[in-house]
Each structure stands twice: as structure tokens, then as C-alpha cells.
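[1] fold the following, please.
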Amino acid sequence: MSAPARLLVVDDNEDNRDMLARRLRKRGFEVDVAEDGRSALARLEQGPYDLVVLDVMMPDMSGLDVLTAIRATRSRVELPVLMATAKTESQDVVDALERGANDYVTKPLDFPVVLARINAQLRTRQETPRPDATVLPSNMRAEPGTVLDGRYRVESVLGEGAFAIVFEATQLSTGQRVAVKVLHASRADDRDSVDRRRFEREMRIIGKLQHPNVVRLVDFGVLDARVRIDSAGWSADGTETGTPAAGLARPRLMSRSLPYLVMEHLDGETLQQLVKREGPLSSEVAVDLMLPVLSAVAAAHEAGVLHRDLKPPNIFVVRGLGGQREPKVLDFGIAKPLDEQASVLTMNQTASVLGTPEYMAPEQLRETREPDARTDVYALGCILYELLAGTRAFKARSYIELLQMVSTGQIVPLRERVSSVPPTLEGIVGRAMHLDPESRFSSAEAFGNALLGWASDVGRARWSGSFVAFRDPSLAPPAPVAASATSAATSTTSDATSPAPTTSATTSSASSAVAPPPTPSTSAAPRDPSTAEVTAPVRAVVPPPSHSLLRLGILLLAIGVLLLGAAILALALRG
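    Now for the predicted structure:
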């Protein structure tokens, strides 16, 4: 069912005005009121309305004068006007209709009749397209040459999802290539739908974020479209068949107001496509790609926005002026303000997962706590893992198995996939992907600071200003994490027998900085001291030592009982 429309009730009689507004609000309508004609015209200038209920007899400026002013700029289809008055003479009705009224009701108002006429006008408005409306097929895939909103000529379809379709288009006024994202007609039939509100919020978020590594908003608007809907056929018993009946049904056009946003056109490929083409990336290349993304996400967090759907397909890589790779963060469709509590916009109404499970933090998947900046940090850790490994951190045979793996942190250690990844860099990735949000980097800045030492000289010089001297002292080192038995044993032996390094950093200091690459630059920024001990790959959190000793004692006791039982059995057999 469509959401109620926005109405304006205009009447100089306060009792009549408030009573009608109150009854309409009880029916779910959004209702504003005006006490005279001039106030009504001022209201109409401030915001869009779907219908006006207008009293005729008012001082200073009559309802007929207000109606004339409205019709000077808005047609009957654009803004229906229902006249409500005690004047019942035929000529009064004729005057109102000739000046552009859509309908006429008399006082005292019969509310059921008023309500029925309001709904009838709203339905007519919904089904009557504007003459210049864009005609779209039912699948929304506009043909090349179609002009959207009189301003953008479609060249091709760039991509399509469940909620929106993206066109490559040419802006007619400037000739520049742009990307136009339009909400699907099936998601826009309700002006107050969750999907529509999410789409409109994405528009506001992109417009708000001014960062070179966030896709740039060029324009936005609402497209008045006529969408072809195939009418269903009917069987002999009067039931709908679901398919057009030959000779009995024909496509019809439904009027839809479709919000759209216009973004800069990007030439390049997604991170997903890049990894598929090149495979595992070197540490420097991967970190150089991640630092701009971390800076963009940090800017979003600073602006109070949580992305919640960071993944390689939502990061587009273009070539900068100097030929360097430049990532751009896309798709803020399910983003939310950091200070917003759970609401209809942040919950999926179908109870399905809102996001992409392979990149969702365990607490986001389990909905055990409100997401915060560390939710995005986890997803960024998953992306870096994929860049270094050439494959996703989680691979499962079924959707249920995937959810279980993510929620319990069943990750193949990074160095088991690619042995050339330095252990300390593996540990940084492990911290970002830690099961416990409290043990992750508390912000994108802290994560970026830890990665600076692994960037190329050019990348470090460029991004050290964004992350320099950032520390996260509130973040205590997490408990050690388990690797496979072989790798754990090897790591322990190596740590025990390796000579102490000649640099100032020592392995015995819990507060030492993250170890730099073998050939660190003297210009590298200070690193996050909280990452010092995270040098083992993530799989599952190991219990505290006391628990381990307890388990060992139980195991030894069980072995002793078995041996004692065997001895007693042997003695019994001898006897």
C-alpha cells in the first residue's frame, strides 16, 4: 500500500481547519495547515504538496484568488485542489471548476465523502503522466538515445542491481559523460518507502562528502517517467493468470516519480576485477591502494557516516593524472549516520542480511551491537586480505556455512595462502579482522597509520599527512590468536631461537611500535603502538593461559585413568 500523501488544509476558521487536519492525520496523511490565502501560497513555495483542500470564503484573499495563483504555475495534474465551502449555488461550483479546481465539497463536511474524493484525486494524479515524461520499459533498461528528465541522454547501461540501475549518459548542457543512477520503478511506487528514503539519503551523503577518493556528485533530481507494465490476462473463472492473454490484455503505462543522482563517470575497473585479473598483489601495491580508501572512509566517519557495505566491487580504480592508480569509494546505499539508532532505514524489512556477508563484521551479522567505525574497519581488513591473497578470506560451500565461518572467525591464515606476506603485515590485517571489535583498530586512521610503513615511498609521502602521528592508546593488544598447529609451532620455535634485532625495537616490549618492513624509510610516520603483538594470523581466539593449563591437566588425568584401567584389566586377565 502506498504511503499517504502530503496535504495542505487552508481555512480561516480555526475549528474547521484543525478538526479536518486532525481527522486526516488519523488516517495517516501528512497534513500542514494555513489560516489564510497568503499563508497558503507561502507554504506552497516552501515544499511540495500532493493536494490542497481550500476554503473559498476567506478575508483579504479569497480561495478563488488563491486557486488562480496556484494554476498560474501548477496544473491540475501537478497539484489537485479540492474546494471546501458553505457556498452551494451552482454558479459558485462552476466558477471554481472554471478557475481550475479539481473537485468541490460543501460544508458542513461529510468526512467519508471528503476522504473518498481526496483519495480519488490522488489516484488520478498518480496515474496521469506529465506530457514530457520519459517512457521506460518494464525492466528499466532505457534504449540508447533516451533522454532522462530532458537533460541526460542515455548511451548505455553500466550496471544494475536489485534497487537501482546505472546508465552511462551525456549531460546535454555540457557534453560531459556522467553516470546516472535511477531507483527502480518497483522500489519507487511508495513515496515514503524504505528503498526510496535510502536512495535519497545516499544522494545527500555523496553530496556532503568532499574527498578525492569518494565518487563526486554532479546533480540529482526526480524523473517523471511512464513505465510500461504488462497487464495480466484473466482466466474463465475470473482469476488472474499472471501472463497477458492474447487479444485481451495490452501493456499499460504507469506514472512513476523516480529519484536519480548523477555522478562523475569513471573509466577503469573495480578492485574485484583488478584482483581477478592480476591475482595476489605485492605488499606495496596493496597498501598503496588501501591508504586512499582508508582516508576516504575516515572522512566519511568524520562526517558522521558509516558505509556498512565496503567491498571490492564498491571500490573503483581509475588512473590519476600521473598514471598512478586512484581508488574511488562508491555506493553509500545502505550507509547510516553514526549517531542513528536502529530504525526502519537500518534494518532489512525482509529479515535478510543487509550487506555482503563475506565483508560483514561478526557483530553486524549477529546484530549483537550497534555498528560503529570498527564495523567498517573489519570490512577494510577483509579487502586488504583479498588484495594480498588474491582470494576472499571466507569461502564456503553454502550460505549457512558462510555465516557460521564469519560469525566464528574461521579464516585461513594469510601466510598459508601467500607465504611471501610479511608476518607483521599479516598481523595488522589480523587486528583489523579481529572477532572482538574492542581489539580492532578503533578507527580508519589508526589502521592507515599502521600500514604507512608498508607503502611505497611515493605512497608514504603522499598519505603520511593523513595518518601521521596518529595513535590509538585506548586499544589494548588483543589476546594471541591461533594459527594451524604446524605454523604455530614453527612460529614459537623461530621466536625462541632468533637473535635479537639490532634496531631499537625489541620483541620483548609490549608497547613497541609495529615492526617496519626490512628496509624502512626514515620518513615513515610513527605507528600505532597497539598493533605490536598482533603478528599471528587470525583463526580463533585462544583461551587465556590458565584455561590452557586446566585443559592440559584434564587431558593428563584422563590419560592416567585410561592407563590405570588398562593395568587393572591386565591383572584381572592374569588371575
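
[2] so what's the backbone phi/psi at residue 155?
    Main-chain torsions, residue 155, degrees, to the nearest 10: phi -110, psi -40.

[3] you'd agree it is up against residue 168?
    Yes. When contacts are counted by C-beta atoms under 8 Å, residue 155 is listed as touching residue 168 (4.6 Å). No exception for glycine: its C-beta is placed from N, CA and C like everyone else's.

[4] and for those two, which residues touch both?
    Counting by C-beta atoms under 8 Å, 6 or more residues apart in numbering, the contacts common to residue 155 and residue 168 are residue 177.

[5] any regions of the stretch 1-150 of the chain where pLDDT drops low?
    Along the stretch 1-150 of the chain, the parts satisfying pLDDT under 70 run over 1-4, 47, 88, 128-132.

[6] so where do the helices sit in it?
    14-26, 37-46, 63-71, 90-98, 111-127 (DSSP state H, counting those that start in this stretch).

[7] turn those helices into JSON lines, including mean neighbour count.
    What follows is these, written out as JSON lines (neighbours: other C-beta atoms under 10 Å):
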{"stretch": "helix 14-26", "mean neighbour count": "15"}
{"stretch": "helix 37-46", "mean neighbour count": "16"}
{"stretch": "helix 63-71", "mean neighbour count": "20"}
{"stretch": "helix 90-98", "mean neighbour count": "14"}
{"stretch": "helix 111-127", "mean neighbour count": "15"}
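
[8] tell me which of those sits nearest to residue 77.
    Between residue 77 and these, the tightest spacing by C-beta to C-beta is seen for helix 111-127, at 6.0 Å.

[9] could the helices of the stretch 1-150 of the chain go into TSV alongside distance to residue 413?
    Below are these laid out as TSV (distance: least, C-beta to C-beta, whole Å):
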stretch	distance to residue 413
helix 14-26	59
helix 37-46	59
helix 63-71	69
helix 90-98	78
helix 111-127	57
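
[10] figure out which of those is closest to residue 197.
    helix 111-127 (18.7 Å).

[11] kindly format the C-alpha coordinates of the closest one as PDB.
    C-alpha atoms of helix 111-127 as PDB (Å, rounded to 0.1, in the frame of the first residue of the first chain):
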ATOM      1  CA  PHE A 111     -15.800  13.400   6.200                       C
ATOM      2  CA  PRO A 112     -16.100  10.000   4.500                       C
ATOM      3  CA  VAL A 113     -17.100  11.800   1.300                       C
ATOM      4  CA  VAL A 114     -14.200  14.300   1.600                       C
ATOM      5  CA  LEU A 115     -11.800  11.300   2.200                       C
ATOM      6  CA  ALA A 116     -13.100   9.400  -0.800                       C
ATOM      7  CA  ARG A 117     -12.700  12.500  -3.100                       C
ATOM      8  CA  ILE A 118      -9.200  13.200  -1.800                       C
ATOM      9  CA  ASN A 119      -8.100   9.500  -2.500                       C
ATOM     10  CA  ALA A 120      -9.800   9.700  -5.900                       C
ATOM     11  CA  GLN A 121      -7.800  12.800  -6.900                       C
ATOM     12  CA  LEU A 122      -4.500  11.300  -5.600                       C
ATOM     13  CA  ARG A 123      -5.100   8.200  -7.600                       C
ATOM     14  CA  THR A 124      -5.800  10.200 -10.800                       C
ATOM     15  CA  ARG A 125      -2.700  12.300 -10.200                       C
ATOM     16  CA  GLN A 126      -0.600   9.100  -9.800                       C
ATOM     17  CA  GLU A 127      -1.900   7.500 -13.000                       C
END
